[in-house]
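Enquirer: My questions concern the predicted model and sequence given below.
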Amino acid sequence: MSSADRLALLLAAGFLAAALHGLGDADIVGDDEAREAGIVQEIVAGHWLLPRFNGDTLPDKPLLYHWLAALPCGAAGFSEAAVRLPSALAGAALVGWTARFAVELGGPRVGIAAAIALATMPALFDHSRVARPDVLMTLLLTVALGLAFRWWRDGSRRAATAALAVLGLATLAKGPVAPALFCVTMAGFLAWQRSIRRVPQLCTGAGVVAFLVIGLGWYGVALAGWGGLFVREHLVGRYLGNLIGGFGTSDYVPAHGGLVRHLAFYPLHLLASALPWTPFTAAALWRLRRSGGFRDARVRFLLCWAAAPVVTFMPAATTLRHYLLPSLPALALLTGPTVVALLAASPPAGDRRTALVRAAGALLIGGAALATGRWFLGGGWRLLSTSDRSTLEAVLPLVGGTVAAATGFAIGVATVAVVWRPWPAAFGLAVAAAAAWMVAGAPAVERALASRDSLRPFARAVAARYPGGARVAFYGRPVRPVVVYLGRHVPTLAGRAEAITPGLAVIVTEEEYRRLAADHILGAPLLSAIGRIGNRGRGWIMLAEGAAS
């Protein structure tokens, strides 16, 4: 192994250690993670090919992640850490692969710089600690794109075949989003290079067969096993529903802010997702423009890769930030050479007048940032999305008065950086801040959110009161974390009050409970709890028994 390989392995190991730290401390909250965890439980129970959440709902993604998570869960028992383990491993592998590919593109120093940038992006780290297939798909798509670039550069049919085979695994992780991103990236790059006619060479016979078998094999099994239900609930309900935002379904949420906000969502969130390296990525693009670097095929490939999620998902009505995760390796690879160049460059001497102008500009920007921060903390954060507001409501009590001190410190650092440009100190500060978030900040926020929103204690209390095969039912839609922590199927009455029989234990939202209690259908509440219901909302749920007639 070269020294760069050893450093890449060390960085991946460090990322994995941070991702595993406190991985199981936070309970599962919200529908998305609970759904994946429930599917894993079904696979561990023996339903490897055709699992259903709560014995009813079909998976909304293929099963590669769930099969991988079922291995530690089956060996050591179900736990939050075990079901999240594949995400942590995938994040570490992504850091290592990015380092290795960056060495191919720009040398050992660029490889290490790109790996450090990617490893210290909180957006990647945070998603490496949840039981969802997004990071796994990002890893596999990144490998497939790297192999495809090798095919273009070297004309290697072997690399083309391997790229399509790995793309099949990415499809098995999260469905058609992987081939869509792959095709947008490669089509844009080949068109830019005026080599679009080479597409048939990429589609080798062995590669196409591998992609079809690996990527679409489970779909054939699911279609044979579930038939029309799979078409309606998974293919149409999941993919077409995402494309049009669930329009016409109970999940549809009208977009706020109109067309302008919709079009700006992904570009703005891409800048936020790349923090704390966004300014250096901007500097990299500026340097490339000035030096004619956009003529470099490597740069064009990375730009097409970074833009692919924005182009692919912008037409869809549903906007979710984690759709941008596949852009992060490309942004890190674009930023790496600039980081190396700035570290190697000596700061310009400049005169006193230039230094004063820069300092004044930095202080002006810093003052505006401080004023914006004060407005934001004073109530401006309420303009954010529901999920962001929910997170901040839990985070703000943790940070307290440290926000103002941190803002002032950041202004001072920005002033020094603009005037004297001590790049090693600036990079060190960015890495140290990100490392502090990874080791202390992220676990603390996760615990705070779980402490506020978890319904695990409620589920455990229900299980203790009604053990084994005792009858328990949901009146409306299942509260998925409750199903996960109960560890057994809980049927739903689908809002049919006539199905509530005397003595039947019913889990119901507060609003529905009040109506049913007023009609003497449910008795006095036996248990109650407040927590996350769905993905965004919080509310009370009750346990009550059907009233005697």
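Expert: Received, thanks. Worth saying up front: this structure is predicted, and the values here are computed from it rather than measured. Numbering: from 1, shown residues only.

Enquirer: CA atoms for contacts and neighbours, from now on please.
Expert: Will do.

Enquirer: immediately after the lowest-mean-pLDDT helix or strand in the chain, which helix or strand?
Expert: Sorting the helices and strands of the chain by mean pLDDT, DSSP states H and E puts helix 402-420 at the bottom, at a mean of 51. As assigned by DSSP states H and E, the chain's next helix or strand after helix 402-420 is helix 423-436.

Enquirer: State the helix or strand in which A529 lies.
Expert: strand 527-533.

Enquirer: Counting by contacts, list what that strand packs against.
Expert: Under the contact criterion of 3 or more Cα pairs under 8 Å, 6 or more residues apart in numbering; DSSP states H and E, strand 527-533 touches helix 442-453, helix 456-465, strand 537-545.

Enquirer: Turn those into TSV, including mean neighbour count, distance to F182 and mean pLDDT.
Expert: Output for the helices and strands packed on strand 527-533, formatted as TSV (neighbours: other Cα atoms under 10 Å; distance: least, Cα to Cα, whole Å; pLDDT from 0 to 100):
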stretch	mean neighbour count	distance to F182	mean pLDDT
helix 442-453	20	31	89
helix 456-465	17	39	94
strand 537-545	19	34	92
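
Enquirer: any chance of those in TSV, with distance to L270 too?
Expert: Compiled in TSV, the helices and strands packed on strand 527-533 are given as follows (distance: least, Cα to Cα, whole Å):
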stretch	distance to L270
helix 442-453	20
helix 456-465	34
strand 537-545	25
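
Enquirer: Nearest to F189, out of those?
Expert: Closest to F189 of the helices and strands packed on strand 527-533, according to Cα to Cα: helix 442-453, at 36.2 Å.

Enquirer: how many neighbours does G22 have?
Expert: 18 (other Cα atoms under 10 Å).

Enquirer: out of everything not next to it in sequence, what's closest to it?
Expert: P443 (6.4 Å; Cα to Cα, 6 or more residues apart in numbering).

Enquirer: same thing with D453?
Expert: If the residues on either side of it in the chain are set aside, D453 comes closest to G531, at 4.0 Å by Cα to Cα, 6+ apart.

Enquirer: bridging residues for the one you found?
Expert: Here G531 sits in beta bridges with G539, as judged by DSSP bridges.

Enquirer: residues near it, how many?
Expert: G531: 21 neighbours (other Cα under 10 Å).

Enquirer: And A497, by the same measure?
Expert: 14.

Enquirer: Off-centre distance for stretch 517-535?
Expert: When distances are taken as Cα atoms, centre = their mean, to the nearest Å, stretch 517-535 is centred 32 Å away from the chain's centroid.

Enquirer: pLDDT (mean, whole number) over it?
Expert: For stretch 517-535, mean pLDDT rounds to 92.

Enquirer: Buried residues, it. List them.
Expert: Buried positions in stretch 517-535, judged by neighbour count with 16 or more other Cα atoms under 10 Å: 517, 521-523, 525, 528-534.

Enquirer: Reformat these as TSV; add distance to T335.
Expert: Below are these laid out as TSV (distance: Cα to Cα, whole Å):
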residue	distance to T335
A517	60
I521	63
L522	61
G523	62
P525	57
S528	51
A529	47
I530	44
G531	41
R532	38
I533	40
G534	38
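
Enquirer: Out of those residues, which comes closest to F53?
Expert: G534 (14.9 Å).

Enquirer: correct me, but that closest one touches P481?
Expert: No. If you go by Cα atoms under 8 Å, G534 and P481 don't touch, sitting 9.2 Å apart.

Enquirer: Name the residues contacting each of these two.
Expert: 30-31 (Cα atoms under 8 Å, 6 or more residues apart in numbering).

Enquirer: Quick check: the gap between the residue nearest to G22 and D32.
Expert: Distance of P443 to D32, given as Cα to Cα, to the nearest Å: 19 Å.

Enquirer: And for S128?
Expert: As judged by Cα to Cα, S128 and D32 stand 15 Å apart.

Enquirer: Next, count neighbours for L270.
Expert: For L270, using other Cα under 10 Å, the count is 24.

Enquirer: Also L164?
Expert: 30.

Enquirer: Quick one: mean pLDDT for stretch 69-85?
Expert: 96.

Enquirer: Same check on stretch 334-350?
Expert: Stretch 334-350 comes out at a mean pLDDT of 78.

Enquirer: Would you confirm that A99 contacts G111?
Expert: Yes. At 4.4 Å, A99 and G111 qualify as touching, with contact defined as Cα under 8 Å.

Enquirer: anything in contact with each of these two?
Expert: A8.

Enquirer: More neighbours: those two, which one.
Expert: Between A99 and G111, A99 has the larger neighbour count (other Cα under 10 Å), namely 34 against 30.

Enquirer: Local confidence estimate at the more buried one?
Expert: The model's pLDDT for A99 equals 94.

Enquirer: quick check, it in a helix?
Expert: Yes. Under DSSP: H, G, I helix; E, B strand; the rest coil, A99 falls within a helix.

Enquirer: For it, give its distance to E545.
Expert: With distances taken as Cα to Cα, A99 is found 58 Å from E545.

Enquirer: same check, this time on G220
Expert: Distance from G220 to E545, by Cα to Cα: 43 Å.

Enquirer: The residue nearest to D453 is in contact with P457, isn't it?
Expert: No. Using Cα under 8 Å, G531 is not in contact with P457, being 10.4 Å away.

Enquirer: Between S128 and D32, which has more neighbouring residues?
Expert: More crowded of S128 and D32, by other Cα under 10 Å: S128, with 28 against 16.

Enquirer: which residues does that one contact?
Expert: 19, 84, 87-91, 135.

Enquirer: run the last query once more with 6 Å
Expert: If a contact means Cα atoms under 6 Å, 6 or more residues apart in numbering, then S128 has 87-88, 91 as its contacts.

Enquirer: which one of these is nearest W540?
Expert: S87 (30.9 Å).

Enquirer: neighbours around the closest one, how many?
Expert: 30.

Enquirer: and the helix or strand encompassing it, how far out from the chain's middle?
Expert: In this assignment (DSSP H and E), S87 forms part of helix 80-106. How far helix 80-106 lies from its chain's middle: 14 Å, per Cα atoms, centre = their mean.

Enquirer: Which neighbouring elements make contact with that helix?
Expert: If you count contacts as 3 or more Cα pairs under 6 Å, 6 or more residues apart in numbering; DSSP states H and E, helix 80-106 packs onto helix 3-20, helix 64-76, helix 108-119, helix 134-154.

Enquirer: Tabulate the CA atom coordinates of stretch 154-168 in PDB.
Expert: Provided in PDB are the C-alpha atoms of stretch 154-168 (Å, rounded to 0.1, in the frame of the first residue of the first chain):
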ATOM      1  CA  ASP A 154      -8.800   4.100 -20.900                       C
ATOM      2  CA  GLY A 155     -11.400   2.400 -23.300                       C
ATOM      3  CA  SER A 156     -11.600  -0.500 -20.900                       C
ATOM      4  CA  ARG A 157     -14.500  -2.900 -21.500                       C
ATOM      5  CA  ARG A 158     -13.800  -4.500 -18.200                       C
ATOM      6  CA  ALA A 159     -14.400  -1.100 -16.400                       C
ATOM      7  CA  ALA A 160     -17.600  -0.600 -18.400                       C
ATOM      8  CA  THR A 161     -18.900  -4.000 -17.400                       C
ATOM      9  CA  ALA A 162     -18.000  -3.500 -13.800                       C
ATOM     10  CA  ALA A 163     -19.700   0.000 -13.800                       C
ATOM     11  CA  LEU A 164     -23.000  -1.500 -15.000                       C
ATOM     12  CA  ALA A 165     -22.800  -4.400 -12.500                       C
ATOM     13  CA  VAL A 166     -22.200  -2.000  -9.600                       C
ATOM     14  CA  LEU A 167     -25.000   0.200 -11.000                       C
ATOM     15  CA  GLY A 168     -27.200  -2.800 -10.600                       C
END
